[in-house]
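Enquirer: Turn this into a structure:
(4 chains)
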Amino acid sequence: MVEILDNIDQREMVINMGPQHPSTHGVLRLELVLDGEIIKKVTPNIGYLHRCFEKYAEQMDDYSKVIPYTDRMDYVSAINQEHGYVLAMERLLEIDVPERVEYIRVIMAELQRIASHLLGIGAFGLDLGAFTPFLYCFTEREKILDIFERTTGARLLYNYMAVGGLMKDVHPEFKTDTADFLKTFRPKIKELNDLLSYNDIFIKRTANIGVLPKQVAINYGASGPVLRGSGVQWDLRKNDPYSIYEKFDFEIPVGMGEMGTLGDCWDRYIVRVREMEQSLRIIEQALDGLPEEGDVTEAVPKRIRPKNGSIYTRSESPRGELGYYIESNNSASPYRVKARAPSFVHLGMLPAISKGSLIADLVAIVGSIDIVLGEVDR
Amino acid sequence: MIEGFINNLPMITILVHAAIPLTIILVYALVAIWGERKIAGFIQDRLGPMRVGGWHGWAQSIADLLKLIQKEDILPKDASRFLFRFAPFMMFAASYAAFAVIPFSSSYIGSNINIGVFYLLAVTSVLTLSVIMAGWASNNKWSLLGGMRSAAQMVSYEVPTIATVLTVIVVSGSLNLMTVTEMQSGNDILGFLPNWFIFQNPFLIVAFIIFFISILAESHRVPFDLPESESELVAGYQTEYSGMRWAMFMLAEYADMLLLSLLGAVLFFGGWNSPFGEFMGGPAWGFFWFMLKGLLLVFVMMWIRWTLPRYRVDQLMHICWSILIPLSFINLVLVALWEVIFN
Amino acid sequence: MKKPEEILEYLNQKFGEDQLTLERGDIGEPWILVPASMIRDLSKFLRDDSELRFDMLMCLSGLHYLKEEELGVVYHLHSTKLDHYVTLKVRVPVEEPEVPSVESIWKTADWHEREAWDMVGVVFDKHPNLKRILLPDDWIGHPLRKDYVQQEFYQGIPTGE
Amino acid sequence: MGMLDKKYHDSNIIIVGLESALNWARKNSLWYEQFGLACCAIEMMATAASRYDFDRFGIIPRSSPRQADVMIVAGTVTMKMASRIERLYEQMSEPRYVISMGSCSNCGGPYWEHGYHVLKGVDKVIPVDVYVPGCPPRPEALLEGFLKLQEKITGETIIFKKNEADKKPETA
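Expert: Okay, here's the model as predicted:
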C-alpha cells in the first residue's frame, strides 16, 4: 500500500451502495468504508426482500401448496427450486417416479439452467458497462421461455412440478421445439465468447479480481459455479447423483486460472459459459432417451400425510447447492421447511473476497457470484 | 458573400457568428440523441424509438426536450448553490466557445485567428473544471467520486491529444485551422487519393488512432465513461441534476463529441475538401463534406459505445501514461523525420 | 463412506458412551442428539479428525418445538474428501436458549446462526455479531415461533390487511 | 401541474393548445427508474430487452431518481424496504408517476395472508397511478400499463393540480 504522510487528515468515507443501485441485482445494501476508491470494509445488509417463505410453508395446509412459494424464492431458476423441493418430498415419502417424468424434469431443469446462466452472464456484462451482450443473452433466453410457456403456461414462475410427477404432460411439439433451440443456440455461445468472454477490456476487468482460494471456498460452504470457479471438481449432479443424472455423460467445467489466478471473477464467469454447453449435451441425450408413453400424474398421491421424521436433500441449482430440510409431524401441513440458498452463503463470503479492491471491482465481484435476492432473503 | 453584408454592422456580425454554430449544435444534438438510440437499437437487434411523432419516432428528442423543460429543477439543500447552478452552463460554454475556430466551409469560419488550434485546446480544458465543479457542488458522495475520476481522466488525456495535434501542426506548419484545411486540397497522392494529411504521412495514421482514443476519453465516452458510469456510481457527477440542468449536461456532452470529431476531420481528413478534388468543391459542398466526416466519426464513437465494456480508473491511467503518451511522442519524432527526409 | 451408525460408534469411543444418542423418526434420515454444551468441541473434532474430515457445514436450521417447549438447532455436515454425511441436533429449553456458536469452525455458520437467532430466537454465545439479519433491527418477536403473534404496526405502517 | 391554477378558471384555446403539447411531450418520454425488487424486475428487464423493447415508446431506464419520471415498483415491497421506497419517491423530480407492477406491490399478492414482513400494497406508502395485475405480469401487460399511464397523462390539465384534476367540473 502506498504510505501516507501522517499529518495529512485522511478520513474514510462511508457510502451506502444502497437498496436502489443499478448493479446490486435487486435490493441489497452494501455499506462500504472507502479510502478514496479503495474499499476497506464491506458489510452487506440483506432482508429487504424477506418474504417469509418458511413461515408460509408452515401455514400451508398441504405439502404441495408450498411449491408456488419455492418458485418465488429464486425467481430466475424456478424449475430447479421446484425440482429440489419435489425430490426432497419424494425421498421422504419413498415415492418412485415414472421414467418419463424423470426425463422431462431433467430436460426442463437443464433448459432453466441455461436461461438462468444467460441472465447471470448478461447482468455481469451489464455491470461492467457492456450493454449489448445483456440484450443478446435475453434474446436467447426468450426462446427458452417460449418453450416453457407452451408447456407450463407461464414465462417465469411455473408451478409445474407436483410431488411424485408433473402437473400436466408436455406440449406435443415439445421435442421438436427443444431440438430446434439446441441447433440455434450452440453457435450463439461462440458469438457470446467472441463478444464478451475473450474481449480484452473484459479480461482486464475480471482477471485476478475477487480471488477465492479453494480452502476458503469450502470453509465458507461455497457451491456451484463459485466453488467450481476456484478449481474444486464438485457438482451434485455428478458427485451425489440425484434423479437420473447418472445416465448422462457430461463433464464438469472447472476454473483453471487461464486468464489470471485460479478462482478469480473470470473463472467463475467462464465456468458458467462452459456449463451451458454441458447442459446442451445433457438435453440432447435426454431428448433421445425420452420414453414416449407413460402418464405423468399417475404417481402423484391424492393426500400427503407423512409420519413424523425429517429429511435433508440437496440439488444442483444454477447458483449452487440448493438444500431443503423438511420436518414432518404426522399432519398435512409441514412442521418446518428450511431452504438452504446458495446465494445466501455466497453473499456471506463477499466481505472476505472484496477487501482492498476498488468500487469497480466490487461491482464485478457481486456480478460474478451471481446472487438473486429472492433466494438470499427467502 | 456573407463577409460583405456583415462587416459594416458589428453587432449583427457577433450575433450571426454566435447563432450559426449554436443552431448547428442544437440541430445536431437533437438528431444525434435520436440517432444514438436508433443505432443502439439496430446494434442490439431491436427497434429503438418508433411511436413518437410518426415515421421511426423522429420526434423523440423533441418530446424529451419538452418534457425536460417541465421537470422540477431540484437544488439539493446543502449543495453550494452558485457552483451547482453554474456547472452545466460552463460545460456547454466551453465546448460552444471552441466552435468559433472550426472552419465550416471554405467561405465561412467563426474567427480566422492564426492560433486556432491553440485556442481550441485551451478552451476545451475548461470542461474538466466544470465536471469537477458539478461533482463537488452537488454534495453527493457518488458525484464526488464521479468528479474526482473525471479530474484525473480528462486532465491526463489532454496530453496525448495535444501531442497528436502537434504532429499534425508539424506537418502543416500553421495553427490556423483554415490554412490547415487549405493545405489539404487537391488530390494528387498516388494519382487518385486526396492529399489529406492522413495519406501524406504513414505515421499520421498512428497519430489519428491515438487522437481518436484520447478524444473518446476527453468526451468521456465508453470505454472511458467513468465520470458518469451508470453501473458503478449511480449516475456519476450528474446524479443530483434534474430537468433542464441535466439536459444542459447532455447537450454539452454531445456538443463536445461533435467538436472533437470535427477537429479530427479538419486535422486528418481535410476539413471541407471533397475527396474527389475539384469535382464537388465550392463552399456549399464543402460544408456538406465537412459535416459528413464529422458525423462519421461521431457514428464510430456511438458504435464503440454499444460494443465495449468500461475500463477501470487505474487501467485508464495506465493506458494513458504508459502507452499513449510515449507512443504519441515517438510518433511526433518519426513524423518530423519523415517530413525532413521527404519534403 | 461411513454410515451414521459407524460415525456414532467412532464418536462414542472419543466422547464417552452416554453423551450422544442416535435417534430416528418414522421416515427420513436418523440424527445424532448432542447436548448443547458439547457441540463446539464435537464440531472441532468432526472437522479436524482424519477419519471424519467434515469440512463443509451444509445447512444450519433453527426450530421451535411448541409441545416440548424447546428450541432445536439442526446441523447437516458433509465431508467433501471422504463423502459421508451426518446430521446433529441440539435441543435447548425455550427459557435459556444458549447454544455455543460454531462460527469459528465453519465460517458459513456466521450468517446461518444470525438467521436462526432472527427467526427462532436461539442465542449463540461467542458469536462475533449476533444481530438480526433478515428482519429490521427494531422488529418485535421471532416469527418462526409457533406461538408468534404478528405486530399490528411497524413504524406506523399497518402490517395487517 | 397547477402552474396556472391561480389565473384561469377554465380551459380555452390558448391553454388547450399548450396543454396538449406539454402532455404529448410528457407522455412520450417517460423515463423509468432503474431498480427492481423481485421477480417482476426480471419481467421488467425482459420488457426492456430486444423482443418487447420499451424504447419504441421512448421509455429508457435512468439510474438516478432525479432524472426519472416513472417509478415502476416491480416486486414485493417489504417493511424494511417501505421507508426506502418512500425516500426514493420523494427524491424524484415533480411530474412523477408510479406504476405498481405485479400483485405483490398492488395488494401484497401471494404474501397477503401470513406475510408478516410484507407491505400489503405499495399505495399505503406512495400514491400509485397505474396498477398492473399479474404475478409476474407479462411484458405486454406492463406495456399496457404504460399505455394506460399515457392516456392518463393526456387527460391532465395545467389548470388544476394533478390530484384535483378528476374533481374538475364537467364543463365543455
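
Enquirer: where does the chain have low pLDDT?
Expert: All of this is about chain A. A:1-9 (pLDDT under 70).

Enquirer: wait, I meant chain C there
Expert: C:1, C:161.

Enquirer: got a list of what residue C:151 touches?
Expert: Neighbouring residues of residue C:151 by C-beta atoms under 8 Å, 6 or more residues apart in numbering or on different chains: C:139, C:140, C:141, C:159, D:116. In short, each C-beta sits where N, CA and C put it, glycine included.

Enquirer: List only those of these flagged as buried.
Expert: Buried by 16 or more other C-beta atoms under 10 Å in any protein chain shown: C:139, C:159, D:116, out of the contacts of residue C:151.

Enquirer: Chain B: which of those residues is nearest?
Expert: residue C:139 (28.7 Å; C-beta to the nearest C-beta).

Enquirer: That closest one belongs to a helix, doesn't it?
Expert: No. Looking at residue C:139 with DSSP: H, G, I helix; E, B strand; the rest coil, it is coil, so not inside a helix.

Enquirer: Now it, what are its backbone angles?
Expert: phi -80, psi 150 (degrees, to the nearest 10).

Enquirer: before we move on, what about residue C:63?
Expert: Main-chain dihedrals, residue C:63, degrees, to the nearest 10: phi -130, psi 160.

Enquirer: nearest residue to it other than its sequence neighbours?
Expert: With C-beta to C-beta, 6 or more residues apart in numbering or on different chains as the criterion, residue C:63 has its nearest non-adjacent residue at 3.9 Å, and that residue is residue C:72.

Enquirer: The helix or strand hosting that neighbour pairs with which strands, and in what direction?
Expert: For residue C:72, the host element (DSSP states H and E) is strand C:70-78. Take DSSP bridges as the rule and strand C:70-78 pairs in its sheet with strand C:56-65 (antiparallel), strand C:85-93 (antiparallel).

Enquirer: could I get those as TSV with mean neighbour count?
Expert: Below are those laid out as TSV (neighbours: other C-beta atoms under 10 Å in any protein chain shown):
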stretch	mean neighbour count
strand C:56-65	24
strand C:85-93	19
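
Enquirer: who wins for proximity to residue D:71 among those?
Expert: strand C:56-65 (36.8 Å; C-beta to C-beta).

Enquirer: Next, the contact list for the closest residue in space to residue B:112 that isn't next to it in sequence, please.
Expert: Distances taken as C-beta to C-beta, 6+ apart put residue B:178 closest to residue B:112, at 5.6 Å, once the chain neighbours are dropped. Listed by C-beta under 8 Å, 6+ apart, the contact set of residue B:178 reads B:103, B:109, B:112, B:116.

Enquirer: Could you tell me the phi and psi values at residue A:13?
Expert: phi -100, psi 130.

Enquirer: my guess is it contacts residue B:141, does it?
Expert: Yes. Residue A:13 is in contact with residue B:141 according to C-beta atoms under 8 Å; the separation is 6.2 Å.

Enquirer: thinking again about what came up before, could you dump the strands paired with strand C:70-78 to CSV with distance to residue B:11?
Expert: Converted to CSV, those look like this (distance: least, C-beta to C-beta, whole Å):
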stretch, distance to residue B:11
strand C:56-65, 82
strand C:85-93, 90
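
Enquirer: Ok, which of the ones you listed comes nearest residue C:10?
Expert: If we rank the strands paired with strand C:70-78 by C-beta to C-beta, the stretch that ends up nearest is strand C:85-93, at 10.3 Å.

Enquirer: OK, contacts around the residue nearest to residue C:63?
Expert: Contacts of residue C:72 by C-beta under 8 Å, 6+ apart are C:62, C:63, C:64, C:65, C:89, C:90, C:91, C:92.

Enquirer: of the buried ones among the contacts of residue C:151, closest to chain A?
Expert: residue D:116 (5.8 Å).

Enquirer: check which helix or strand covers the closest one.
Expert: Applying DSSP H and E, one finds residue D:116 in no helix or strand.

Enquirer: Not counting sequence-adjacent ones, nearest residue to it?
Expert: residue C:150 (4.4 Å).

Enquirer: Quick check, the one you found in contact with residue C:159.
Expert: Yes. Between residue C:150 and residue C:159 a contact is recorded at 5.9 Å, counting by C-beta under 8 Å.

Enquirer: Show me whatever sits in contact with both of those two.
Expert: residue D:116.

Enquirer: quick revisit: and the contacts of residue C:151, which two are the farthest apart?
Expert: Among these, C:141 and C:159 lie farthest apart (C-beta to C-beta), at 11.6 Å.

Enquirer: hang on, the earlier thing: the residue nearest to residue C:63 pairs with what?
Expert: Where residue C:72 sits in a bridge, its partners, by DSSP bridges, are residue C:63, residue C:91.

Enquirer: Report the contact partners of residue 105.
Expert: Looking at chain A here, since you left the chain open. So residue A:105 contacts A:83, A:86, A:161, A:166, A:243 (C-beta under 8 Å, 6+ apart).

Enquirer: please go with chain D instead
Expert: D:37, D:40, D:73, D:74, D:75, D:76, D:77, D:121, D:122.

Enquirer: can I get those in TSV with secondary structure, neighbour count and distance to chain A?
Expert: Conversion of the contacts of residue D:105 to TSV gives the following (DSSP: H, G, I helix; E, B strand; the rest coil; neighbours: other C-beta atoms under 10 Å in any protein chain shown; distance: C-beta to the nearest C-beta, whole Å):
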residue	secondary structure	neighbour count	distance to chain A
D:37	coil	29	6
D:40	helix	29	9
D:73	strand	29	11
D:74	strand	29	10
D:75	coil	32	7
D:76	coil	31	5
D:77	coil	28	9
D:121	coil	20	15
D:122	helix	30	14
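
Enquirer: Check which helices and strands the one helix or strand residue A:181 maps to sits against.
Expert: In this assignment (DSSP H and E), residue A:181 forms part of helix A:174-192. Secondary-structure packing of helix A:174-192 (3 or more C-beta pairs under 8 Å, 6 or more residues apart in numbering or on different chains; DSSP states H and E): helix A:99-127, helix A:131-152, helix A:265-289.

Enquirer: how far does the longest one sit from the chain's center?
Expert: Right, the one you point to is helix A:99-127. Centroid separation between helix A:99-127 and its chain, computed with C-alpha atoms, centre = their mean, to the nearest Å, is 9 Å.

Enquirer: buried stuff in that helix?
Expert: In helix A:99-127, counting by 16+ other C-beta under 10 Å, buried: A:100-127.

Enquirer: tilt between it and helix A:174-192?
Expert: Put simply, helix A:99-127 runs at 30 degrees to helix A:174-192, going by axes from the mean of the first three to the mean of the last three C-alpha atoms, to 10 degrees.
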